[in-house]
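> coords below, sequence missing:
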């Protein structure tokens, strides 16, 4: 008696434990017991979001008894459930678990309505599941009778029906797709109409993927024949892009590129200025061979209507769509096409770059009387584009006049007598600044601590006849620092010191004269910086770290001779 009473308690505790496990699984959906299923009104429960999930969970977690019971209660309401927002999910789950006999009953109940259900926003999901299960259960003939090929074109252009056609193409064996493909893509006009449809373009892409042999070649020829129309269409351009990007495995280069690009011959420049076709041209440039790329780039450099190449490039460069084609052409082109693109665009980009630098140095405010647009792009956009291209392609800076960019600087500073400024920004590497106004590696960050944190740069490659600046790089040269304080412009006995910066500066440490000198320092960063001069007293003899070392070294020796004055230079 006690054992019999304990048994139901154990079953109850196990059920509670199972429910707790289901809740901990994440979604909190607990399967229904057989008693609950028997007592429920399934057609009403299936239309409720949460209860529909409970029924689905009961089918997947319960045994065959649960499935038979749910099927028996759902069978009279199949057509009603398949069109319901939540009921269609229960029907899909039923189709997965029922046996062959039960599946045939569902199929027979719905086969007369499959076309109409495919056009229904909720029914289309049930039809797709029927397609999947019919093929898996070897009922292809019955399926093709219920979904005849002559209805395929109608469904392919429907907002929900095209999903059913895609499912058919995905699931049918390759030997059973020929009738469907023939109906959809049998001639070039059908291909064009399907490709320019909002939903048909998705079906056409699937047809390209699933077709084989002669049928595939016919579809490719049809696309190539109408490629000019397709690339300009809001939906057709995606078909061409799909063909470009989805090449056959191992086929490098894409064998379809030549025929597509040949179909665009004579229209590349105008297509570069259009929203949809410009995207296609970008993909063509990125995925074709050099020979096919040159076909596109040569049409850009030889525009129609007797336009000059520089005018065509200017129009393309500052166009809201064309600039992307131009950038891609620069990215993939090789000489001589690359050099020609640079040459024809250089003047326009340099003008914008210099104008941008002027505005930036004045606080970033565009001129009040300046244009608001260049081409059909805002001026700010074109300037950002110019800066981007200059950074990426240094060849665009060749011959650039940067005199107006160095606002607030005198001409001696803008002139680089040693040729150490390959970028032409006026502050060469030999002056301690790189092309962007940041300290170059040649600058000594510690050698000038006595002069207000201004580090004197190491001078690179002094010209013949100039006095040596001292330091390790001048060992063995005429005028280099010698032991005992002989001639040389470095501090007396300095080792690796940096002297000679600033107008008429003398080695005050060597001379022992208590004077002040003008020392320049840079405030800010390029291009928004200024040069300020401070009166700084000269350090005592042997001042600074280098001077101290020199003094210790020269202890007990004769005082060095006074260094000769530097050649006078104009004030900076």
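That came in fine, so what should we check first? Model, not experiment: these values are computed from the prediction. Numbering: from 1, shown residues only.
> can you tell me which helix in the chain is longest?
Once the chain is assigned using DSSP state H, the helix that runs over the most residues is helix 337-361.
> what is that helix packed up against?
For helix 337-361, the elements it packs on are helix 290-301, helix 309-317, helix 322-332, helix 379-392, judged by 3 or more CB pairs under 8 Å, 6 or more residues apart in numbering; DSSP states H and E. (C-beta placed from N, C-alpha, C; glycine too.)
> among those helices, which is nearest residue 29?
helix 322-332 (48.8 Å; CB to CB).
> buried residues, that closest one. List them.
Neighbour-count burial for helix 322-332, counted by 16 or more other CB atoms under 10 Å, picks out 322, 323, 324, 325, 326, 327, 328, 329, 330, 332.
> go on, stretch 334-344?
337, 338, 340, 341, 342, 343, 344.
> returning to that earlier point: measure how the longest helix of the chain sits relative to helix 309-317, angle-wise.
Going by axes from the mean of the first three to the mean of the last three CA atoms, to 10 degrees, helix 337-361 is angled at 60 degrees with respect to helix 309-317.
> number of residues surrounding residue 65?
Using other CB atoms under 10 Å, residue 65 is surrounded by 10 other residues.
> just give the nearest non-adjacent residue to it, would you?
Leaving out its chain neighbours, the residue that sits closest to residue 65 by CB to CB, 6 or more residues apart in numbering is residue 34, at 6.5 Å.
> could you measure from that neighbour over to residue 76?
In this structure, residue 34 and residue 76 are 20 Å apart, going by CB to CB, to the nearest Å.
> so what's the residue nearest to residue 267 when sequence neighbours are not counted up against?
With sequence-adjacent residues excluded and distances taken as CB to CB, 6+ apart, residue 267 is closest to residue 228, at 6.3 Å. Contacts were defined as CB atoms under 8 Å, 6 or more residues apart in numbering; by that measure residue 228 touches 263, 264, 267.
> which among those end up buried?
Taking 16+ other CB under 10 Å as the criterion, what is buried in the contacts of residue 228 is 263, 264, 267.
> give me phi/psi at residue 320?
Taking degrees, to the nearest 10, you get phi -60, psi -30 for the backbone angles of residue 320.
> wait, it touches residue 376, no?
Yes. Residue 320 is within contact range of residue 376, at 5.4 Å (criterion: CB atoms under 8 Å).
> ends of stretch 222-240, what's the gap?
End-to-end distance of stretch 222-240 (CA to CA, to the nearest Å): 11 Å.
> the domain parsing of the chain - what is it?
According to automatic domain parsing, the chain comprises the domains 226-401, 435-572.
> quickly, which of those bottoms out on average pLDDT?
In terms of mean pLDDT, the lowest-scoring of the domains of the chain is domain 435-572 (a mean of 48).
> just to revisit the earlier point, could the helices and strands packed on helix 337-361 be laid out in a markdown table, adding distance to residue 354?
Converted to a markdown table, the helices and strands packed on helix 337-361 look like this (distance: least, CB to CB, whole Å):
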| stretch | distance to residue 354 |
| --- | --- |
| helix 290-301 | 25 |
| helix 309-317 | 16 |
| helix 322-332 | 19 |
| helix 379-392 | 9 |
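> I'd like to know which of these is closest to residue 70.
Of all these, it is helix 322-332 that lies closest to residue 70, at 55.9 Å by CB to CB.
> which strands or helices does that closest one pack on?
In terms of contacts (3+ CB pairs under 8 Å, 6+ apart), helix 322-332 is packed against helix 268-272, helix 275-287, helix 290-301, helix 309-317, helix 337-361, helix 379-392.
> next, count neighbours for residue 124.
24.
> all helices for the stretch 1-150 of the chain, in order.
Ranges of helices in the stretch 1-150 of the chain, per DSSP state H, counting those that start in this stretch, are 2-24, 34-39, 42-45, 49-61, 64-74, 78-82, 87-97, 100-110, 114-118, 123-136, 140-146.
> for residue 360, which of these is the nearest?
The nearest among the helices of the stretch 1-150 of the chain, by CB to CB, is helix 123-136 at 56.7 Å.
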